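1. What follows is a protein structure lacking sequence information:
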């Protein structure tokens, strides 16, 4: 009975996982609505894609300073404030009269996002016993994956049926329900040792963390070079219907759940390095196969399965390594740096994908992403894996 997660552990963990679902749905929602937003404001799809880029770069720039400031507060206070801010900015997004108002609202959401993803994993680990830490991490990533299963397709369905504004309004309503749930079930947790900017040099001397950040920047950039434009890619390069695109996005998310389950079962001991190298290679291969696979529906589905599973496994694996090697009291800030760098990759990938689509064709975004992904795989092989092996030898 001691190995069974108690209600006291399970209820707050569910709250964080659902919040992860909502936050992730909001982050990537414009990807599924780019065409509608562009048409409503009379702008190009590439300019609408800047909403994704600006959001990601705002998270990149704000994650560290906001997390250093927030480290003085307990997890409960931070979570409740972030969820309230998130919901308010979703309402502003829904009623935005123009492009720049929508951009400002998205930046507000990015501020909430910047801190949320810095504390989500550490908070999840804190509310459960140590033996449930891997399961807690998997639950958070599963929440993100479910956003890809239900969030993006559902947002797209609502957007097609009622308009993109109603999609943001639905997210606002759900976020306020999550706020009420967290208010009642999330326990008071102390803030722990306050992190200071003076502690950053010690954090940046950690070879494993530095290698993780380098790999993250490359793989996230590669991933979002293709993924940010997956809707117009499938429409224009593949000629697929709206219904099929929704199905493909759902398959992508279901595969992501599978990736988190594989992590929970396989990511331990010496297999960690092999597992990580394999999923990174899988992302690069998936990007390379985007164009060839677009010739047939089965090919697209197969690539979505591989891509979705590897993308989720990559994310949770690196978060696990950060929590494993971050210094005492620095886990949240180390995670905020991961979130910031990951979002730098999102913004960079979205910008590169937009440039490729404008200069050549949207059909080439996968090839561009694959080249960057190959560099990420090489960085893992020559820097991250040796650093992990060295750290283990001297632990």
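-> Sure thing, it's come through. Computed from a predicted model, the values in this text were never measured in an experiment.

2. Need the per-residue pLDDT for residue 305.
-> Listed pLDDT for residue 305 reads 94.

3. neighbours around it, how many?
-> 18 (other CB atoms under 10 Å). For the C-beta atoms, the positions are set from N, CA and C on the backbone; glycine is no exception.

4. for the one 5 residues further on, same thing?
-> Residues contacting residue 310 under the criterion other CB under 10 Å number 25.

5. And residue 359, by the same measure?
-> 8.

6. measure it to residue 46 for me?
-> 10 Å (CB to CB, to the nearest Å).

7. ok, now residue 250?
-> 26 Å.

8. what do you get for residue 77?
-> Distance from residue 77 to residue 46, by CB to CB: 40 Å.

9. The two: who's more crowded?
-> More neighbours surround residue 46 than the other of residue 77 and residue 46, with 20 against 15 (other CB under 10 Å).

10. Just give the nearest non-adjacent residue to that one, would you?
-> residue 354 (4.4 Å; CB to CB, 6 or more residues apart in numbering).

11. Tell me who's in contact with the one you found.
-> With contacts taken as CB atoms under 8 Å, 6 or more residues apart in numbering, residue 354 has the following neighbours: 46, 49-50, 53, 228-229.

12. Same check on residue 186?
-> Residue 186 sits in contact with 12, 15, 75-76, 79-80, 127, where contact means CB under 8 Å, 6+ apart.

13. Can you get me a residue count around the closest residue to it other than its chain neighbours?
-> Excluding the flanking residues, the one nearest residue 186 by CB to CB, 6+ apart is residue 12, at 4.7 Å. Residue 12: 24 surrounding residues under other CB under 10 Å.

14. gap between residue 12 and residue 209?
-> 27 Å.

15. which residues in the stretch 151-300 of the chain form helices?
-> Counting by DSSP state H, counting those that start in this stretch, the stretch 151-300 of the chain has helices at residues 152-162, 164-185, 200-204, 207-227, 230-232, 242-266, 271-288, 290-293, 297-325.

16. Which stretch among these approaches residue 57 most closely?
-> helix 207-227 (11.9 Å; CB to CB).

17. between that closest one and helix 297-325, how many degrees?
-> 160 degrees (axes from the mean of the first three to the mean of the last three CA atoms, to 10 degrees).

18. So which other helices or strands are in contact with helix 207-227?
-> helix 271-288, helix 297-325, helix 331-359, helix 365-379, helix 385-393 (3 or more CB pairs under 8 Å, 6 or more residues apart in numbering; DSSP states H and E).

19. Now render the ones you listed as TSV, adding distance to residue 65.
-> Output for the helices and strands packed on helix 207-227, formatted as TSV (distance: least, CB to CB, whole Å):
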stretch	distance to residue 65
helix 271-288	29
helix 297-325	19
helix 331-359	9
helix 365-379	27
helix 385-393	27
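
20. Ok, which of those comes nearest residue 66?
-> Among the helices and strands packed on helix 207-227, helix 331-359 sits nearest to residue 66 (CB to CB), with 7.6 Å.

21. In the helix or strand hosting residue 110, which residues are buried?
-> For residue 110, the element it lies in under DSSP states H and E is helix 99-126. By neighbour count with 16 or more other CB atoms under 10 Å, helix 99-126 contains the buried residues 99, 102-103, 105-126.

22. ditto for stretch 256-273
-> Buried-residue list, stretch 256-273, by 16+ other CB under 10 Å: 256-264, 267, 272-273.

23. before we move on, what about stretch 279-299?
-> 279-291, 293-294.

24. Show me which of these is closest to residue 88.
-> residue 283 (34.8 Å).

25. Give the closest residue to that closest one in space, chain neighbours not counted.
-> residue 310 (4.9 Å).

26. you'd agree the one you found is up against residue 259?
-> Yes - with contacts counted by CB atoms under 8 Å, residue 310 reaches residue 259, the gap being 6.4 Å.

27. what do those two both touch?
-> residue 279.

28. Tell me the pLDDT of residue 169.
-> If you check residue 169, the pLDDT there is 90.

29. what sits against it?
-> 90-91, 94 are the contacts of residue 169 under CB under 8 Å, 6+ apart.

30. ok, now residue 115?
-> 63, 66-67, 70, 78, 82, 336.

31. before we move on, what about residue 157?
-> residue 246.

32. Nearest residue to residue 21 in space, ignoring adjacent ones along the chain?
-> That would be residue 143: by CB to CB, 6+ apart, it lies 4.2 Å from residue 21.

33. Which strand or helix spans the one you found?
-> Assigned by DSSP H and E, residue 143 falls in helix 133-146.
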